[in-house]
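In: fold the following and give me the result.
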Amino acid sequence: MRSSQQAGCATSYRFRVENLHCAACEQRLRAVFADDRGIARIDVDITERTVAIHANRDDLMTELANRLADAGFVPTPYVPDFDA
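Out: A predicted model of the protein is given here:
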C-alpha cells in the first residue's frame, strides 16, 4: 500500500513480512536499505510482522519488495483491516 506522507517523506510503502521473527531479522531488514538515501525512515513491528518504508521517491513498491525478497524476506503489500 502506498500513502502520501508529510514531513519530508513523499510516500510510505507497507508490507507484511511473514518471516520477520526477531530483533536479528529487523537488523537484517534495516541493513537492506542502510545505504539508500531515498529511504527516509523504516518502521518495523515484529509483533504484527509489518514494515513501513518511508521514501523520498514515488513508485517504489515493486523495487522495495524485490529488495526484501532478494534478502530472504517474504514481503506482501499490506493493507490494514479496518473495522467499520
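
In: I figured residue 73 hits residue 30, correct?
Out: No - checked against CB atoms under 8 Å, the pair residue 73 and residue 30 is beyond contact range at 11.6 Å. Every residue, glycine included, has its C-beta placed from N, CA and C.

In: so between these two, which is more surrounded?
Out: Set residue 73 next to residue 30 and count neighbours by other CB atoms under 10 Å: residue 73 wins out with 19 against 13.

In: contact partners for the more buried one?
Out: 17, 19-20, 29 (CB atoms under 8 Å, 6 or more residues apart in numbering).

In: wait, which of the residues you listed is closest to residue 61?
Out: Of all the contacts of residue 73, residue 61 sits closest to residue 17, with 14.1 Å by CB to CB.

In: let's see the pLDDT reported for the closest one.
Out: According to the prediction, residue 17 has pLDDT 97.

In: please report how far it lies from residue 70.
Out: Going from residue 17 to residue 70 by CB to CB, to the nearest Å gives 13 Å.

In: what do you get for residue 32?
Out: 8 Å.

In: those two: who's more crowded?
Out: More neighbours surround residue 32 than the other of residue 32 and residue 70, with 18 against 9 (other CB under 10 Å).

In: and the pLDDT for the more buried one?
Out: 96.

In: same check, this time on residue 80
Out: Model confidence at residue 80, given as pLDDT, is 73.

In: which residue packs closest to it, ignoring adjacent ones?
Out: residue 14 (7.8 Å; CB to CB, 6 or more residues apart in numbering).

In: the helix or strand containing the one you found pairs with which strands?
Out: If you go by DSSP states H and E, residue 14 is part of strand 11-17. Partner strands and pairing direction for strand 11-17 (DSSP bridges) are strand 2-4 (antiparallel), strand 50-55 (antiparallel), strand 75-77 (antiparallel).
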